[in-house]
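**Student:** quick one: sequence plus predicted model below, questions after.
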Amino acid sequence: MSARLRTVDDGQIVFGAVIEIEAANIRPRRLEQVTTGSLSGLAGDSRAWQRMSELAARYAATDLPILVLGERGVGKMSVIDAVFGGPRGDGVAVVDAAMETTDGAASWLATVRCHLQGPGVLVIRHIETLSDRAALGLGGILDARTASSDGRVVGTWTIGGDPRPAVRALIERLAVARVEVPPLRQRREDLPALLDSLWRRRADGRPSPRWNQDVMHALARYDWPGNVRELDGTVRRIAACMTGPEVHLTDLPDEIRRQPLRAGLSRLEQLEAAAIRDALEAHDGNKHRAAHELGISRSTLYRKLEALAPGLV
């Protein structure tokens, strides 16, 4: 919106003001692929995911520039694909800012300028990788665009570190509409839907396996520093290596299966926890058989797990 302020006075004393507010010309868009509360083709119904989806859908129906941000691997481009129909969708072009280092700032900026001359959506990925020169140049290109231009700009920013001032200014210019994609650790309840979706994408038509309870507990406890991209890699590995209809703890990568032990354990406690973990792995997570091998009751095993390695409970 635009606002104008005019004071009211008698020539000497200001005793009032008139403020005129005018709505900007925001043209609604038809987005058949976006439904309120969800994004087409993306798995997840957690509260964090739904809030993000609703915000993205609202912003997509305007002509505002959009900044989609989040940690590495959260699926920023997947969100953009769902909103605008993907890089192969009609009128959507994608330019990777990481290519500026190889193409040179002048050539890269010329590519951006070319895409912005017509209508459609230009997605600029990885804007945090731009040099100061390219960031300043891109800011100038965006400032020089006319109000009648139909071109739409969407940028992605991978959070991490403090951007340089020129890049920070560019991020702020694009963040008129800001959509933050939540990390996987904030939407753990979406794991079953994500596993099903990723399996169908990676398993060449094979039916979905059974994910036993111990496996799901291990997946839910893991922090997923690589987010959905890391989960996708885990599913691909399992799909390539598993032989039966059920996924067991031994099918998971070591960093997921071997959850950290409780801090401050003595050397003897660490050895005991390692023995318990080895017994569980040997019996595919079956706590009854692991307890029998260790010569203790199952209730004692659970108690020791709680005390020594809660990540394995």
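**Tutor:** Sure thing, it's come through.

**Student:** show me the contact partners of stretch 178-187.
**Tutor:** Outside stretch 178-187, the residues that touch it by C-beta atoms under 8 Å, 6 or more residues apart in numbering are 44, 46, 48-49, 52, 55-56, 59, 66-71, 74-76, 79, 190-191, 194, 223-224, 227-228, 230-231. C-beta here means a position set from N, CA and C on the backbone, and glycine is covered the same way.

**Student:** all helices in this protein, in order from the N-terminus.
**Tutor:** Along the chain, counting by DSSP state H, helices occupy 47-60, 76-84, 100-103, 105-116, 132-144, 165-174, 191-202, 213-221, 227-241, 254-257, 267-282, 287-294, 298-308.

**Student:** hmm, back to that, buried ones among the contacts of stretch 178-187?
**Tutor:** Among the contacts of stretch 178-187, those buried by neighbour count (16 or more other C-beta atoms under 10 Å) are 44, 46, 48-49, 52, 56, 59, 66-71, 74-76, 79, 190-191, 194, 224, 227-228, 230-231.

**Student:** tell me, how many residues neighbour residue 252?
**Tutor:** With neighbours defined by other C-beta atoms under 10 Å, the count for residue 252 comes to 21.

**Student:** gap between the nearest residue to it once chain neighbours are set aside and residue 74?
**Tutor:** Nearest residue to residue 252, sequence neighbours excluded (C-beta to C-beta, 6 or more residues apart in numbering): residue 218, at 6.1 Å. Separation of residue 218 from residue 74 (C-beta to C-beta, to the nearest Å): 21 Å.

**Student:** could you do residue 127 as well?
**Tutor:** Applying C-beta to C-beta, the value for residue 127 to residue 74 is 16 Å.

**Student:** check residue 129 too.
**Tutor:** 17 Å.

**Student:** any idea how far the residue nearest to residue 252 is from residue 69?
**Tutor:** In terms of C-beta to C-beta, residue 218 sits 29 Å off from residue 69.

**Student:** contacting residues around the residue nearest to residue 100 when sequence neighbours are not counted?
**Tutor:** The shortest distance from residue 100 to any non-neighbouring residue, by C-beta to C-beta, 6+ apart, is to residue 108 (4.2 Å). Residues near residue 108 by C-beta under 8 Å, 6+ apart: 95, 97, 99-100, 134.
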